[in-house]
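Trainee: Please find the sequence and the predicted model below.
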Amino acid sequence: MNLCPAVKNILLLDSEGNRVASKFFTDDWPTNKAKEAFEKAVFTKTQKTNARTEAEITMFEDNIIVYKFVQDLHFFVTGGEDENEMILATVLQGLFDAVAILLRDNVDKREALENLDLILLCIDEIVDGGIILETDASSIASKVSTNSIDSAAPLSEQTLSQALTTAREHFVRSLLQ
């Protein structure tokens, strides 16, 4: 039994069940074909529900799935059957609100695809290897939207790309000295 709450995957699908963004954190779906089949099955199971005003919860293939729809996007967070639904719902709400902040409340498929990098960074800020790191939307959005790379900031406060850029800058400077 895992004492730390964990997320198995985060999915963002369009209104036809096609993948916009997804991140899988377990080997429950070892191939891309298995992942796509799971996405289609989850979409088919949930498409007739009305999860537009608040998140809905369902059990599917021994997993708890919390989901919410907005315009032509469907947000899903999957956890194991023993996970706390409230924690999964908090992860979903944190993702949804952070994306809404970053997309300036214009959350639809076109905007999501144009800002896919920001959405993937949001997912990375929320969950790492299935472990929930952050659920506060404003904190997530501010970390993701930091455009300027502050090399004075501690590495723990930088995104991966910022940390790599900082490391590259330090390496180049050391070579030039």
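Mentor: That came through, no problem.
Trainee: For stretch 165-177, the averaged confidence score.
Mentor: Average pLDDT, stretch 165-177: 74.
Trainee: correction: stretch 14-31
Mentor: Mean pLDDT, stretch 14-31: 92.
Trainee: List the buried residues in it.
Mentor: Asp14, Gly17, Val20, Ala21, Ser22, Lys23, Phe24, Phe25, Asp28, Trp29 (16 or more other Cβ atoms under 10 Å). C-beta coordinates here come from the backbone N, C-alpha and C atoms, glycine included.
Trainee: Nearest residue to the fifth one in space, please, no chain neighbours.
Mentor: Translated: Ser22. Leu11 (4.8 Å; Cβ to Cβ, 6 or more residues apart in numbering).
Trainee: Could you count how many residues lie near the one you found?
Mentor: When neighbours are counted by other Cβ atoms under 10 Å, Leu11 registers 23.
Trainee: For it, list each beta-bridge partner.
Mentor: Assessed by DSSP bridges, Leu11 has beta-bridge partners Ser22, Phe76.
Trainee: how close does it sit to Thr165?
Mentor: Applying Cβ to Cβ, to the nearest Å, the value for Leu11 to Thr165 is 29 Å.
Trainee: Run me through the strand neighbours of the helix or strand containing Phe69, direction for each.
Mentor: Per DSSP states H and E, Phe69 falls inside strand 63-70. Using DSSP bridges, strand 63-70 pairs in its sheet with strand 56-60 (antiparallel), strand 73-80 (antiparallel).
Trainee: Identify the residues contacting it?
Mentor: With contact meaning Cβ atoms under 8 Å, 6 or more residues apart in numbering, strand 63-70 is reached by 8, 42, 46, 50-52, 54-59, 74-81, 83, 85, 88-89, 91-93, 96, 107-108.
Trainee: Using neighbour counts, pick out the buried residues of that strand.
Mentor: Buried positions in strand 63-70, judged by neighbour count with 16+ other Cβ under 10 Å: Asn63, Ile64, Ile65, Val66, Tyr67, Lys68, Phe69.
Trainee: quick revisit: deepest of the strands paired with strand 63-70, which one?
Mentor: Each of the strands paired with strand 63-70 was scored by mean neighbour count; the highest is strand 73-80, a mean of 23, by mean count of other Cβ atoms under 10 Å.
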